[in-house]
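**Student:** The sequence and its predicted three-dimensional model are supplied below.
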Amino acid sequence: MTLFTLLLVLAFERLFKQGSHWQLDYRLERVFRHVRSYSFWVTAGMTIGAILVIMLCERALTGLFFNLPLLIYWIAVGLLCIGAGPTRLHYHAYLQAASRDDSAARQAMADELTLIHGVPHDCDEEAFLRELQNALLWINFRFYLAPLFWFIVGGIWGPALLVGYAFLRAWQAWLARRCTPRQRLLSGTDTILHVIDWVPVRLAGIAYALLGHGEKALPAWFASLGDLKTSQYQILTELAQFSLARDPHTDKVKTPKIAVAMAKKVAFCIVVVVALLTIYGALL
């Protein structure tokens, strides 16, 4: 059921998820407004609570009406957690602003896209476009590749792990947008995500290394296997940039499009690999 649900979710997400209505991050804002304490244990407690709620709902639906309600439930959870509807709108708004040379609107949309890790203030245009590429590659990882990983490896509890990851992702974005850097640090969210992103980042990294210009990417990927300190953002974007090295970072419209095209190719290939492995397992 995982593969069938995944294909339906990706199809529905591409066709209908254009705003924040089907975005768990948006729905959780009402919860986050009431949080007054920022610590590792608060973050862990909220995340575990979200996972337990999903597990209890899934358990209650199992076996009812030939599991049709359970299938609908899986699809709904997938739509809430996989995909970046509002961010896609910001991306298209950036392209429109860049096309008409509207620097203010372009900068505003770039700030939205680079919310989590930011852009150095003193960088030139080429470095700015590279950082924008990195932000888009990371958004693809956060909203597509990593959620797909947890949905698949979770098996029958895939939706629960998916919601847990999406909860942490939403909490990190809320802290970056509404709270101070100290509160974000105290929450421990970045540390938790650093740990749970370790495996998905390496899997996504090898995909970038193999699909792009991987002469330098493959050695860097092997080196990353023993790296426990460097941020997952830096590892993934460095591997992706090796694959994009032959493409110039000069055009403010084409440069982000190149990164998005590469990210889509990686996501598509991962889905194909999952499908083939699922079919192979079914045949055996």
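**Tutor:** Done, it's in.
**Student:** By residue count, which helix of this structure is the longest?
**Tutor:** The longest helix of the chain (DSSP state H) is helix 254-283.
**Student:** can you pull the buried residues of that one?
**Tutor:** Taking 16 or more other Cβ atoms under 10 Å as the neighbour-count basis, helix 254-283 is seen to contain the buried residues 255-256, 258-260, 262-263, 266-267, 270-271, 274. In this view, the C-beta of every residue, glycine as well, is placed from N, C-alpha and C.
**Student:** what about that helix, distance to the chain center?
**Tutor:** In terms of Cα atoms, centre = their mean, to the nearest Å, the centre of helix 254-283 is set 14 Å apart from its chain centre.
**Student:** likewise stretch 103-110?
**Tutor:** Mean C-alpha position of stretch 103-110 versus that of the full chain (Cα atoms, centre = their mean) differs by 22 Å.
**Student:** Also stretch 182-201?
**Tutor:** Here the centre of stretch 182-201 is set off from its chain's centre by 14 Å, with Cα atoms, centre = their mean.
**Student:** Start and end of it, how far apart?
**Tutor:** Its first and final residues considered, stretch 182-201 spans 26 Å by Cα to Cα, to the nearest Å.
**Student:** what's the answer for stretch 185-192, then?
**Tutor:** As for stretch 185-192, its first-to-last residue distance stands at 11 Å under the measure Cα to Cα.
**Student:** who are the neighbours in contact with L185?
**Tutor:** By Cβ atoms under 8 Å, 6 or more residues apart in numbering, the contact list for L185 is empty.
**Student:** Can you tell me how far it is from W41?
**Tutor:** Distance, L185 to W41, using Cβ to Cβ, to the nearest Å: 15 Å.
**Student:** Then L136?
**Tutor:** As defined by Cβ to Cβ, L136 lies at a distance of 33 Å from W41.
**Student:** Which one's more surrounded, these two?
**Tutor:** Neighbours per residue (other Cβ atoms under 10 Å) separate L136 from W41, with L136 holding more: 25 against 10.
**Student:** Please, which helix or strand holds the more buried one?
**Tutor:** In the assignment (DSSP states H and E), L136 maps to helix 125-140.
**Student:** before we move on, what about H34?
**Tutor:** When the helices and strands are read off by DSSP H and E, none of them contains H34.
**Student:** What is the burial count for it?
**Tutor:** The local packing count at H34 equals 6, with neighbours defined by other Cβ under 10 Å.
**Student:** mind listing what it touches?
**Tutor:** If you count contacts by Cβ under 8 Å, 6+ apart, then H34 has nothing around it.
**Student:** what about it, distance to M46?
**Tutor:** Counting by Cβ to Cβ, the gap from H34 to M46 is 11 Å.
**Student:** Point out where the stretch 151-284 of the chain drops to low pLDDT.
**Tutor:** For the stretch 151-284 of the chain, the stretches with pLDDT under 70 are 212-215, 248-249, 280-284.
**Student:** Export the buried residues of helix 254-283 as a markdown table, with columns for distance to V199.
**Tutor:** Conversion of the buried residues of helix 254-283 to a markdown table gives the following (distance: Cβ to Cβ, whole Å):
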| residue | distance to V199 |
| --- | --- |
| T255 | 29 |
| P256 | 27 |
| I258 | 27 |
| A259 | 23 |
| V260 | 24 |
| M262 | 21 |
| A263 | 19 |
| V266 | 16 |
| A267 | 17 |
| I270 | 13 |
| V271 | 18 |
| V274 | 15 |
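**Student:** and which of those is nearest S20?
**Tutor:** Comparing the buried residues of helix 254-283 against S20 with Cβ to Cβ places V260 closest, at 20.0 Å.
**Student:** what residues are up against T5?
**Tutor:** Taking Cβ under 8 Å, 6+ apart as the contact definition, T5 lies against 71, 74-75, 78.
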